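A.B. asks: 3D model of this:
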Amino acid sequence: MANESIPSNDSRILLKPIPAEAHAFNRRVSGLLDGQPKDEATVAQALEGMDSIVDQIATGLYSLASMLAGEGEDSVRLVETAVANTEVSACQDPEQARKSSRRALCEAALKTLAERNSGCLAAPEGLEPAETCIEDDDLEAAGVSGEELERMIAGPDRDRVRKWLASLPTGLRTVFVLRAVAGFSAAETAGLLKADGGPKAAGWNVDAVRVVFRQGLCSLASQLLQASAASR
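C.D. replies: As a prediction, this is how the structure comes out:
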């Protein structure tokens, strides 16, 4: 396996922007934390819309959980774990709150996968950089933007995309989801796998994540070409 390296231009997958209403809600709630007494009406006004935002967060977390661990009760429990383990201090910033909740969920998901099969997230051995149809570990290298992937996951083609993900080996699917959907960098993905993927995952490094992610991108590009040909 190639030596681990973390170049300064480590690519990251762009996440869907935080809704404007989430930022507005955050400002209203932060305004309550000034140490001054608040009447019930003031608190109620500041918290208006909270249920809708919480629903959006929970829906997004469940979608991410189901791509990692499959549909059903395990993914519901992962969402509950993520909400319970998200750092409260991070919630002062919506972007950091999202990243903190996704990290908590992914940590729990990797542990769940490793408990199901102790070797499913094993680090690849003897992996060498290979020539693939993708030259860079960037989502757009597969001919799809972050917004397009979001529509593919949540739109009319959702079942086809989910079937494709489910067909991938667990390690490949997990790397793809951590990078392309959860938005973690190659270094962050390697760290999560080493920490929570079980004893056989200790060998993951940045270079291995990049090679495996490119394999996922190449598979995605192939799926897109097949779908395009079928629609003609």
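
A.B. asks: dump the residue contacts of Ser219.
C.D. replies: For Ser219, the contacting residues are Trp164, Leu168, Leu172, by CB atoms under 8 Å, 6 or more residues apart in numbering. C-beta here means a position set from N, CA and C on the backbone, and glycine is covered the same way.

A.B. asks: try 7 Å this time
C.D. replies: Going by CB atoms under 7 Å, 6 or more residues apart in numbering, Ser219 touches Leu168.

A.B. asks: same question for the one 4 residues further on.
C.D. replies: Applying CB under 7 Å, 6+ apart to Gln223 gives the contacts Trp164.

A.B. asks: what mean pLDDT does the host helix or strand of it have?
C.D. replies: Assigned by DSSP states H and E, Gln223 falls within helix 206-231. For helix 206-231, the mean per-residue pLDDT is 79.

A.B. asks: for whichever helix or strand Ala97 is part of, packing partners?
C.D. replies: With elements taken from DSSP H and E, the one containing Ala97 is helix 94-116. When contacts are defined as 3 or more CB pairs under 7 Å, 6 or more residues apart in numbering; DSSP states H and E, helix 94-116 packs onto helix 20-32, helix 50-69, helix 73-85, helix 186-196.

A.B. asks: comparing these by mean pLDDT, which bottoms out?
C.D. replies: Note on these: lowest mean pLDDT is at helix 20-32, with a mean of 54.

A.B. asks: before we move on, what SS does Glu125 have?
C.D. replies: Glu125 carries the three-state label coil when classified by DSSP: H, G, I helix; E, B strand; the rest coil.
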